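>>> here is a sequence with its predicted model. Questions after.
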Amino acid sequence: QVQLVEDGGGLVQAGGSLRLSCAASGRTFTSYTMGWVRQAPDKEREFVSLISWSDGSTYYAESVKGRFTISRDDPHATVILQMNSLRPEDTAVYFCVATEGYPRHLTDVDFWGQGTQVTVSS
């Protein structure tokens with residue numbers, strides 16, 4: 001059974017930093033794309049950042065480019081999202097996601113974590 005366990009959310013002031021991690025287990029993820037989806041209050045879920053486990057290629061939403069960095073820790077099957085220069089509009093529940101292949105749409109995502117709250121105060 002696949003499990004995605006997130007850690008690292010919390011409350012931070014605008015301009016601050018947080019680091020999210022997601023530990024994956026239950027199968028081999030070499031053909032998967034993993035990353036983060038967020039959902040802000042009264043808004044739809046959106047992809048934030050993705051990383052391919054096979055070649056390390058990355059995707060960032062335009063709103064987070066230059067501020068967020070995604071990386072992976074292969075031996076521990078962990079994906080890390082370093083979030084710097086946080087803004088109040090980054091406030092959301094952040095979900096770790098895993099997709100076999102590459103997700104074009106949210107409906108392509110195969111597995112979801114339970115979510116972790118990130119709150120950025122102004």
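Here it is on my side, so go on.
>>> how about S31, nearest residue that isn't a chain neighbour?
E100 (5.8 Å; CB to CB, 6 or more residues apart in numbering). No exception for glycine: its C-beta is placed from N, CA and C like everyone else's.
>>> the one you found: how many residues sit nearby?
By other CB atoms under 10 Å, 14 other residues sit near E100.
>>> tell me which element the residue most central in space within the chain is part of?
Centroid-nearest residue in the chain, with CA atoms, centre = their mean: W36, separated by 2.1 Å. Assessed by DSSP states H and E, W36 sits inside strand 32-39.
>>> can you give me the offset of that strand from its chain's centre?
Here the centre of strand 32-39 is set off from its chain's centre by 4 Å, with CA atoms, centre = their mean, to the nearest Å.
>>> is it true that the residue nearest to S31 touches D110?
Yes: between E100 and D110 a contact is recorded at 5.7 Å, counting by CB atoms under 8 Å.
>>> quick check, pLDDT for S57.
Note on S57: pLDDT of 95.
>>> quick one, phi/psi of E62?
As for E62, its main-chain torsions (degrees, to the nearest 10) stand at phi -60, psi -40.
>>> over to the one 4 residues further on?
G66 adopts backbone torsions of phi 80, psi -10, taken as degrees, to the nearest 10.
>>> separation between it and L11?
Taking CB to CB, to the nearest Å as the measure, G66 and L11 are separated by 23 Å.
>>> for these two, indicate the residue with more neighbours.
L11 (12 against 9).
>>> show residues contacting the helix or strand hosting V5.
V5 is part of strand 3-7, with elements assigned from DSSP H and E. Contact with strand 3-7 is made by 20-26, 94-98, 111-116, as judged by CB atoms under 8 Å, 6 or more residues apart in numbering.
>>> ditto for stretch 73-91
12, 14-25, 29, 34-36, 38, 40-41, 48-49, 51, 63-64, 67-72, 94, 96, 118-122.
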